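Asker: below: sequence and its predicted model.
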Amino acid sequence: MTIVAVDDTDSRTDGMCTTYVATLLAERFASAGGRVRRRLLVRLNPAVKHKTRGNAAVALHVDGIDAGDAFDLAYETVGERSVVDDPRTSPGVVVADLDVSADPFTPSTSPIPTDVGEFAARALRERLTVDEAVALADEHGFRHAGLGTGGDADADSGRGDPVSGRGRIGALAAVGAPVAFDDWTYERISYREFDRCGTSREVDAESVFAAAEAEYPTVWDTVDRGTGEVVCVPNAPGPILHGIRGDDPVACRAVADAIDSEPIDRAATFLTNQGTDAHVEPGRIGDLRDGAGYRLAGVVADAPETKRGGHVHVEVESPNDDASLLCVAFAPTGRFRDRVRSLRPGDRVTVCGEHEVRAVASGTGANPTGSPRRSTLKLEKLAVRDLVRTESVTPTCPDCERTMSSAGRGQGYRCRDCGTSASGRVDRPVERALSETWYEVPPAARRHVAKPLIRGGFDAPSHPER
């Protein structure tokens, strides 16, 4: 059996899709007498700057075909179908001759090398290099190739210019994914007729909402009921018509089949690490890597502020020292911003999202060269752990119910009408719009890899957005 993995075949401007290339490749394998046993869609680090929106690699587990023949077919297909003229596109192919016919997902018994699994885990949380991917692939005797404007690979040797074929990073990660991740979901992807690419998709929204309702919560993030948006239909100019995500492949396919749309040319179901929070790791404010996803404990330091453009900023401090972090709910997160706006200084929270060291916006909205830079977290979800339930206020006279006035420094307060006195300020209950629960961005703003609250497994009650 052989693992054939590809990545970075698409373009932000010219479309294409790595899953589509892999689906065509699977058809070529079938024509050559092979059989695809598994299709893995592996999301990688969402903070990588050169990515297209989803940042996904694909691995096919194939039997009935020689590894060398599989490599030749993969190299040929990727070369024909990738947008290799885009300077930002740098396709890669990795073929591993490993017997994954049984269970490749149990680390103790999987034939996938441990260090390849570790590489895959890092690919969700770090920015890796082509050199590192090439060296590791060579160490294990994997065939690999890079294509694109950075220099073509030598198909005979399987070794490309190490500076080209950036997609070999993701492809190698897709090879190691089964032993890197322990939470998997599904996506049923339907493709339109290829000559329709670049035109408006014809999908009946009413049928999507009805199908989504029938299989929720097993199938999730199909629509956004708050905005009325059909989330499963992309806007990019590629060949995907719609993608249905969920925890059961049969339910995903049922939703896809119930949608009224333009003709579907072909379809495939992928096992994937989408919706799992695989990119998030525990961390501590003040000790964070740029471009990594974290789950962090903190205390709200200041009242949230709504900035120009509708972005909501809130400062969160470490509960253990004076380190702080700017947390941002960006405008596209919509109603999630209301949760952030409702925070008060002293609230204890857990925040999740992508960490970035970014320039601090000035009052004009510009970021001139040399402007200060801040440790910033792009919020994806948050848990309210403890709410401030009272506020300190000037006391009210118990007789006339008027607000008292200061009696002088250190002398407390006195009612000017009644003469009643009080020793100091008093605590007054505060009504809070929040509960001690998990909150998340709505489906329309959710990253592919982020775990929806409806999937469960969180350490407190949750408020799923649907």
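Answerer: That came through fine.

Asker: and Ala74, how many neighbours?
Answerer: For Ala74, the number of neighbouring residues by other C-beta atoms under 10 Å comes to 27. The C-beta positions use only the backbone N, C-alpha and C, and glycine is treated the same way.

Asker: so who does it touch?
Answerer: Residues near Ala74 by C-beta atoms under 8 Å, 6 or more residues apart in numbering: Val4, Val6, Leu25, Val93, Val95.

Asker: ok, and the most crowded of those residues?
Answerer: Neighbour tally across those (other C-beta under 10 Å): the maximum, 33 neighbours, falls on Val93.

Asker: which other helices and strands contact the strand or helix carrying it?
Answerer: Using DSSP states H and E, Val93 sits in strand 92-96. With contacts defined as 3 or more C-beta pairs under 8 Å, 6 or more residues apart in numbering; DSSP states H and E, the packing partners of strand 92-96 are strand 2-7, helix 67-81, helix 130-139, strand 143-146, helix 167-180.

Asker: in CSV, list the ones you listed along with distance to Val300 and mean pLDDT.
Answerer: Shown next, in CSV, are the helices and strands packed on strand 92-96 (distance: least, C-beta to C-beta, whole Å; pLDDT from 0 to 100):
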stretch, distance to Val300, mean pLDDT
strand 2-7, 40, 94
helix 67-81, 49, 91
helix 130-139, 39, 94
strand 143-146, 47, 92
helix 167-180, 34, 95
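
Asker: could I get the contacts of Ala74 as CSV with distance to Ala292?
Answerer: Converted to CSV, these look like this (distance: C-beta to C-beta, whole Å):
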residue, distance to Ala292
Val4, 29
Val6, 25
Leu25, 32
Val93, 27
Val95, 30
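
Asker: in the residues you listed, find the pair that's most separated.
Answerer: Farthest-apart pair in the contacts of Ala74 is Leu25 and Val95; separation 11.2 Å (C-beta to C-beta).

Asker: ok, back up a step: nearest to His311 among the contacts of Ala74?
Answerer: For those, the residue nearest His311 by C-beta to C-beta is Val6; the value is 36.3 Å.

Asker: need the contact list for the closest one.
Answerer: Listed by C-beta under 8 Å, 6+ apart, the contact set of Val6 reads 18, 21-22, 25, 57-58, 74, 78, 91-94, 167, 171, 174.

Asker: how close does it get to Pro91?
Answerer: The gap separating Val6 from Pro91 is 7 Å, by C-beta to C-beta, to the nearest Å.

Asker: between those two, which contacts overlap?
Answerer: Common neighbours of Val6 and Pro91 (C-beta under 8 Å, 6+ apart) are Val78, Gly167.

Asker: thought Lys378 was touching Arg358?
Answerer: No - when contacts are counted by C-beta atoms under 8 Å, Lys378 is not listed as touching Arg358 (9.2 Å).

Asker: so for the two, which sits in the more crowded spot?
Answerer: A direct count of neighbours by other C-beta under 10 Å for Lys378 and Arg358 places Lys378 higher, at 20 against 16.

Asker: state the pLDDT value of that one.
Answerer: pLDDT, Lys378: 96.

Asker: likewise Val163?
Answerer: 50.

Asker: rewinding a little: okay, and the common contacts of Leu25 and Val95?
Answerer: Applying C-beta under 8 Å, 6+ apart, one finds that Leu25 and Val95 are jointly contacted by Val4, Ala74.

Asker: where along the stretch 251-400 of the chain do the strands fall?
Answerer: 264-272, 280-282, 292-300, 305-306, 312-317, 324-329, 348-359, 373-386, 390-393 (DSSP state E, counting those that start in this stretch).

Asker: does anything pack onto the fourth one? Which helices or strands?
Answerer: Using 3+ C-beta pairs under 8 Å, 6+ apart as the contact criterion, the secondary-structure elements in contact with strand 305-306 are strand 312-317.

Asker: same thing but at 10 Å, please
Answerer: Applying 3 or more C-beta pairs under 10 Å, 6 or more residues apart in numbering; DSSP states H and E, one finds that strand 305-306 contacts strand 312-317, helix 336-341.

Asker: pairing partners for the helix or strand of the chain with the lowest mean pLDDT, with directions?
Answerer: Here the helix or strand of the chain ranked lowest by mean pLDDT, DSSP states H and E is strand 421-422, holding a mean of 82. Counting by DSSP bridges, the strands paired with strand 421-422 are strand 413-414 (antiparallel).

Asker: quick revisit: now the contacts of Val6: which count as buried?
Answerer: 18, 21-22, 25, 57-58, 74, 78, 91-94, 167, 171, 174 (16 or more other C-beta atoms under 10 Å).

Asker: can you lay out the strands of the stretch 251-400 of the chain as JSON lines showing distance to Phe209?
Answerer: Formatted as JSON lines, the strands of the stretch 251-400 of the chain follow (distance: least, C-beta to C-beta, whole Å):
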{"stretch": "strand 264-272", "distance to Phe209": "19"}
{"stretch": "strand 280-282", "distance to Phe209": "30"}
{"stretch": "strand 292-300", "distance to Phe209": "31"}
{"stretch": "strand 305-306", "distance to Phe209": "31"}
{"stretch": "strand 312-317", "distance to Phe209": "29"}
{"stretch": "strand 324-329", "distance to Phe209": "26"}
{"stretch": "strand 348-359", "distance to Phe209": "28"}
{"stretch": "strand 373-386", "distance to Phe209": "24"}
{"stretch": "strand 390-393", "distance to Phe209": "43"}
